[in-house]
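1. All I have is the shape, not the residue letters:
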């Protein structure tokens, strides 16, 4: 990192009611309506202070985009080298963004790096969250690096590797009978009693800021400008922070004039055993009803309900995207195909995007000439 550090963070804004809050305070969701808060930046000031070429001389991690990240003092940055993952070219029209190269083996490192760093800046010393696995591993690692205590509630069938990672990093891990929603309920009660700050997906303002760097990286890897973004992004979706973060990034980059008007079609992929966002999209709804008896081998997308459902669905619809579900059998087959054809052993969530690609071609949604990016969100050895 360089000696000069500058975040253009201005305030927090509710994505539903528009209420503005001081970014110097500790906030979760909007105190007025309970919806998701977004970090807002002084983009007019930034437009006059920086051009994309300035990134070339910076460190090869997500903090190269510090002006668009929420940490105001470099001393508070907690980093393990997250971000700037490879975009693997499969063929002329298909690439895979390999997020398994991140610390703790998944894209969750980005969100936790931003959230833990900002928590440190705000004087928070203990954090709590529910997790299906990878977010817990990342939270435990970054909390350890920050000198914080992490309290994590997980379903009893959490992948064993995740459990080992959390405990190795010193986290307080609570095993819960039920899925991530039940883990969230139990941990919320404990956190409220103990005064721990909750890092739940989209229930605090900064995890999506780390995930936002996925979109900024795609723009840089595409060379900035009018045609830097792919035509289609296919993303495995549970809580939806990846989709929400990237769509936010594209809006900010567009306002800065660093990219053109083109936006990718965002494709949400879920499992047939847990597809609340797919169902809501098909019904034309703005919110997704909770999915009963959720079951899938892809733990990261086994999320029965998501507070940011309206933001995910908005991004999909604004870009002309779609949402679909694939079966566990399709996921297993796709996992093997990616390994054999590309050499990439990805987790089942990433494999779901490969399965979805075939379906989208079969239905005619894709004609084969689009520039498509799949997201492999974790390394396969997690499972």
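-> Arrived safely, thanks for sending. Since we're looking at a predicted model, the values are computed, not measured. Numbers count the residues shown, from 1 in each chain.

2. Report the contact partners of residue 290.
-> Each residue near residue 290 by C-beta atoms under 8 Å, 6 or more residues apart in numbering is listed here: 181, 276, 304-305. All C-beta atoms are positioned from the backbone trio N, CA, C, and that covers glycine.

3. what about 7 Å?
-> Residue 290 makes contact with 276, 304-305, according to C-beta atoms under 7 Å, 6 or more residues apart in numbering.

4. Who wins on neighbours among those residues?
-> residue 276 (24 neighbours; other C-beta atoms under 10 Å).

5. Per-residue pLDDT of residue 5, please?
-> Residue 5 is assigned 88 on the pLDDT scale.

6. gap between it and residue 63?
-> 9 Å (C-beta to C-beta, to the nearest Å).

7. again with residue 146
-> 15 Å.

8. now swap in residue 23 and tell me
-> 18 Å.

9. Relative to residue 333, how far out is the most centrally placed residue in the chain?
-> Among the residues of the chain, the one closest to the centroid is residue 242, at 3.1 Å (C-alpha atoms, centre = their mean). Going from residue 242 to residue 333 by C-beta to C-beta gives 23 Å.

10. how about the helix or strand harbouring residue 352: buried residues?
-> Under the criterion of DSSP states H and E, residue 352 resides in helix 348-362. Residues of helix 348-362 classed as buried: 348-357, 360 (neighbour count, 16 or more other C-beta atoms under 10 Å).

11. Does anything pack onto that helix? Which helices or strands?
-> Applying 3 or more C-beta pairs under 7 Å, 6 or more residues apart in numbering; DSSP states H and E, one finds that helix 348-362 contacts strand 232-236, strand 265-271, strand 322-326, helix 328-341, strand 372-376.

12. Go through those and pick out the most buried.
-> strand 232-236 (a mean of 29; mean count of other C-beta atoms under 10 Å).

13. if we look at that one, which residues are touching it?
-> In contact with strand 232-236 (C-beta under 7 Å, 6+ apart) are residues 242-243, 246, 264-269, 298, 300-301, 349-350, 352-353, 356-357, 366, 370, 372-375, 377.

14. related to what we said a few turns ago, next step: the contacts of residue 290 restricted to strands.
-> Among the contacts of residue 290, no member is found in strands (DSSP state E).

15. Among those residues, which one sits closest to residue 177?
-> Each of these was scored against residue 177 by C-beta to C-beta, and residue 304 proved nearest at 14.8 Å.

16. Could I get the pLDDT score of the spatially closest residue to residue 350 that is not a sequence neighbour?
-> Counting by C-beta to C-beta, 6 or more residues apart in numbering, residue 376 is the residue found nearest to residue 350 once chain neighbours are left out, at 3.3 Å. At residue 376, the model reports a pLDDT of 98.

17. same thing with residue 343?
-> Looking at residue 343, the pLDDT reads 98.

18. Also residue 2?
-> Per-residue pLDDT puts residue 2 at 46.

19. just residue 383 next, same as before
-> 85.

20. Make 23 the starting number, not 1.
-> Noted, 23 is the first residue going forward, which turns the last one into residue 405.

21. Now for it, how many residues are close by?
-> So residue 405, with other C-beta under 10 Å, has 20 neighbours.

22. My read is that it contacts residue 182, right?
-> No. Counting by C-beta atoms under 7 Å, residue 182 is not a contact partner of residue 405; they are 9.1 Å apart.

23. Need the per-residue pLDDT for the nearest residue to residue 105 once chain neighbours are set aside.
-> With C-beta to C-beta, 6+ apart as the criterion, residue 105 has its nearest non-adjacent residue at 2.9 Å, and that residue is residue 84. pLDDT, residue 84: 98.

24. and residue 84, what does it touch?
-> 104-106, 132, 135, 232, 235.

25. go again using 8 Å as the cut-off
-> 91, 104-106, 132, 135, 232, 235, 239.

26. Same list, those, but as CSV with neighbour count and secondary structure please.
-> Formatted as CSV, those follow (neighbours: other C-beta atoms under 10 Å; DSSP: H, G, I helix; E, B strand; the rest coil):
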residue, neighbour count, secondary structure
91, 26, coil
104, 27, coil
105, 25, coil
106, 18, coil
132, 30, helix
135, 34, helix
232, 29, helix
235, 29, helix
239, 21, helix
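
27. Switch those residues over to CSV; also include pLDDT.
-> Output for the contacts of residue 84, formatted as CSV (pLDDT from 0 to 100):
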residue, pLDDT
91, 98
104, 98
105, 98
106, 98
132, 98
135, 98
232, 98
235, 98
239, 98
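
28. Go through stretch 134-151 and flag the buried ones.
-> 134-143, 146, 148-151.

29. typo on my end, it should be stretch 244-252
-> 244, 246, 250-252.

30. List the contacts of that stretch.
-> Applying C-beta under 8 Å, 6+ apart, the set of residues contacting stretch 244-252 is 74, 117, 240-243, 272, 280-286, 392-395.

31. returning to what we had before: out of the buried residues of helix 370-384, which comes closest to residue 49?
-> residue 371 (29.1 Å).

32. My guess is that closest one contacts residue 323. True?
-> Yes. With contact taken as C-beta atoms under 8 Å, residue 371 and residue 323 are classed as touching, separated by 5.4 Å.

33. what do these two both touch?
-> Contacts common to residue 371 and residue 323, judged by C-beta under 8 Å, 6+ apart, are 258, 260.

34. right, and the pair among the buried residues of helix 370-384 with maximum separation?
-> 370 and 382 (18.4 Å).

35. Report the beta-bridge partners for the nearest residue to residue 344 once chain neighbours are set aside.
-> In this structure, residue 344 finds its nearest non-sequential neighbour in residue 289, 5.6 Å apart by C-beta to C-beta, 6+ apart. Under DSSP bridges, the beta-bridge partners of residue 289 are residue 256, residue 344.
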